[in-house]
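Asker: Predicted structure and sequence below. I'll ask about it afterward.
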Amino acid sequence: MAVRLFEDKDHAAKYLKYRVTPNEVVSEIMGLLKKRMPLPGKLAVDVGCGSGQGTVLLAPYFTQVIGTDISPAQLENAQVNQKCDNVSYRQCPAEELPLESGSVDLVTSMTAAHWFDRPRFLEEAGRVLRGGGCLVLLSYAMDMYLEYGDVTEKLKQVCKECYTALIPYRNPHLGSETIQIYKDMLDLCPYPDKEWHEGLDVRKTITVNGYISLVQTFSPYRTWMETNLQEAEEMSNRIRNKLLDILQVSSPETEVTLVTKYFYWIACKP
């Protein structure tokens, strides 16, 4: 793994509680896979699985699903909270999968591949995939926003203000845009059968406090906390108060809609 994060138990627990589960994205991807291979398949591997929210979504489509992650804390949450009879978990780096060559129908990574040693991961995914197997990477950019009635545009501006404040604490491994990482990885993938998809909006009901807690799971925020906890907390409190003012409510448990913009690519090994 090029970068190791999300490994302390508190952060892992908040990751499980507040991160978005990509149900709609996985459903769309499975529709594309059905055109390329018979489902249910035999084996799928979710690399960088975290607490398993996405891993279990693969269970109806494969006889066996394995989630892998480098973090013991994340895997502990996955095993306790995401139980499914045909899903198991293993601790390992993304670039060193404990699987036989040519044994896997699907290798996927959901909102994690940007942290990997990308050339090594692509090589390892190619090793374990069988001929005709597919590699799918999906993620979202930090441009999610909140919807609520006729004040959506004002809420969007506050969300942008929040993300702008986090930019100085962004990990250098990520560069300036996460989406560009995935486009570059697609270019690196040698398979001729590959395609890019973006613009899939996933909506989730969330409270104002839930949104603030989600932001606090982002790696730049965690870095800010370690650098200057007071400043980080002041920012999150300021954003919370601005959102409440726009909504004209006093309760941070007021519900709004979180819109997350996903992108993904799929490539099939010859």
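Answerer: Structure received.

Asker: could you measure A267 against T223, distance?
Answerer: Separation of A267 from T223 (CB to CB, to the nearest Å): 32 Å. To be clear about C-beta, it is placed using only N, CA and C from the backbone, and glycine gets the same treatment.

Asker: same question, P93
Answerer: Counting by CB to CB, the gap from P93 to T223 is 22 Å.

Asker: quick revisit: what about A267 and T223, which has more around it?
Answerer: A267 (24 against 16; other CB atoms under 10 Å).

Asker: Surely the more buried one and W196 touch.
Answerer: No: contact between A267 and W196 fails when scored by CB atoms under 8 Å: they sit 9.7 Å apart.

Asker: what's the following helix or strand after the helix or strand bottoming out on mean pLDDT in the chain?
Answerer: The least trusted helix or strand in the chain, going by mean pLDDT, DSSP states H and E, turns out to be helix 9-18, with a mean of 49. Per DSSP states H and E, the first helix or strand lying C-terminal to helix 9-18 is helix 23-34.

Asker: residues making contact with stretch 167-180?
Answerer: 2-3, 5, 114-115, 139-142, 181, 198, 219-221, 223-224, 227, 263 (CB atoms under 8 Å, 6 or more residues apart in numbering).

Asker: With stretch 154-165 instead?
Answerer: By CB under 8 Å, 6+ apart, stretch 154-165 touches 142-148, 215, 235, 239, 242-243, 246-247, 256.

Asker: Of these, which belong to helices?
Answerer: 215, 235, 239, 242-243, 246-247 (DSSP state H).

Asker: okay, those residues in TSV with distance to N23, neighbour count and pLDDT next?
Answerer: Below are the ones in helices among the contacts of stretch 154-165 laid out as TSV (distance: CB to CB, whole Å; neighbours: other CB atoms under 10 Å; pLDDT from 0 to 100):
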residue	distance to N23	neighbour count	pLDDT
V215	22	22	93
M235	31	19	97
I239	27	20	97
K242	30	17	98
L243	25	25	98
I246	29	18	98
L247	27	20	98
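
Asker: quick one: which two of those are the most distant?
Answerer: M235 and L247 (18.9 Å; CB to CB).

Asker: nearest spatial neighbour of the most centrally placed residue in the chain, skipping sequence neighbours?
Answerer: Of all residues in the chain, the one closest to the mean position by CA atoms, centre = their mean is T111, 2.4 Å from it. Distances taken as CB to CB, 6 or more residues apart in numbering put S139 closest to T111, at 4.7 Å, once the chain neighbours are dropped.

Asker: Count the residues that sit near that neighbour.
Answerer: Neighbours of S139 using other CB under 10 Å come to 20.

Asker: quick one: the helices in the chain?
Answerer: 9-18, 23-34, 72-81, 118-128, 152-166, 178-188, 208-215, 219-227, 229-247.

Asker: Beta-bridge partners for Y262, please?
Answerer: Y140, L200 (DSSP bridges).
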